[in-house]
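Visitor: how would this look folded up:
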Amino acid sequence: MESGLDRLPGLMAGPGRRPRLAARAARATAAGLAVLVVAGGLGGCAGQEQSGTPAQRVSTWMGGGGGSGIGNVEVATRNVDLALSQHNSAAAIREVCSLLSNEAQTSIGNLPAPDDQLTNQLDAAYMVATSAGDDCYHGASGDSRLLARSATERARSLAELAAAVDYVRTVTGHTPTTNTTAPQGGGDPFAGGS
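Guide: Numbers count the residues shown, from 1 in each chain. Next up is the predicted model:
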């Protein structure tokens, strides 16, 4: 026996018992296998946005958070524009710029959409919005170069989001709502659209 190991109770097996560490490892392995079996069983279940026609999948995805993600980035972008136009303090500008970056990153988390083209459009718009928020944040103390770049990126992001909404309209035949609150009309994501 190696010197010192006999001073650690439960590490060494005594007559008729397993070491505690080996018993813990056995329990952890059994628990890990159970989690894998359950996760594997659930992995076969498709979400609602993964079934139906392309229009139905996109509609379901928009109503399940995709539409409000777009709206949140649009609102955050306009809040940056408002704070800058009102010449708010650098701290206040940093706050709204940070919110823009955070909303864009949160919306990236809603991807992928059930349509590859829509996913690509939104990913590009959200990445530009993230950059716009970051450039604005770092330029808030008066770096006109960063603020100008942020303004260009915000305009580009809004244009890309509008193009994505137009694409959704083409796929579904409806104008989706991008409200930042829950859809009205029994959960219909198009209830607020025209």
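Visitor: domain parsing for this protein?
Guide: With domains defined by automatic domain parsing, the chain comprises 15-43, 52-172.
Visitor: so for Asn179, which of those domains sits nearest?
Guide: domain 52-172 (5.6 Å; CB to CB). (Each C-beta comes from the backbone N, C-alpha and C, glycine too.)
Visitor: for the protein, which helix is longest?
Guide: As assigned by DSSP state H, the longest helix anywhere in the chain is helix 144-172.
Visitor: what about that helix, average pLDDT?
Guide: Helix 144-172 shows a mean pLDDT of 97.
Visitor: wouldn't Pro114 be in contact with Ala55 here?
Guide: No: here Pro114 does not reach Ala55: they are 10.2 Å apart, not a contact under CB atoms under 8 Å.
Visitor: could you give the backbone dihedrals for Thr53?
Guide: phi -70, psi 160 (degrees, to the nearest 10).
Visitor: so how far is Pro112 from it?
Guide: 18 Å (CB to CB, to the nearest Å).
Visitor: what of Arg145?
Guide: 34 Å.
Visitor: try Leu158
Guide: Counting by CB to CB, the gap from Leu158 to Pro112 is 22 Å.
Visitor: re earlier: what packs against the longest helix of the chain?
Guide: Secondary-structure packing of helix 144-172 (3 or more CB pairs under 8 Å, 6 or more residues apart in numbering; DSSP states H and E): helix 54-61, helix 67-85, helix 90-108, helix 116-139.
Visitor: and the second one, what's buried?
Guide: Of the residues in helix 67-85, 67-77, 79-80, 83-84 count as buried by neighbour count, 16 or more other CB atoms under 10 Å.
Visitor: one more: the longest one?
Guide: Of the residues in helix 116-139, 118-119, 121-137, 139 count as buried by neighbour count, 16+ other CB under 10 Å.
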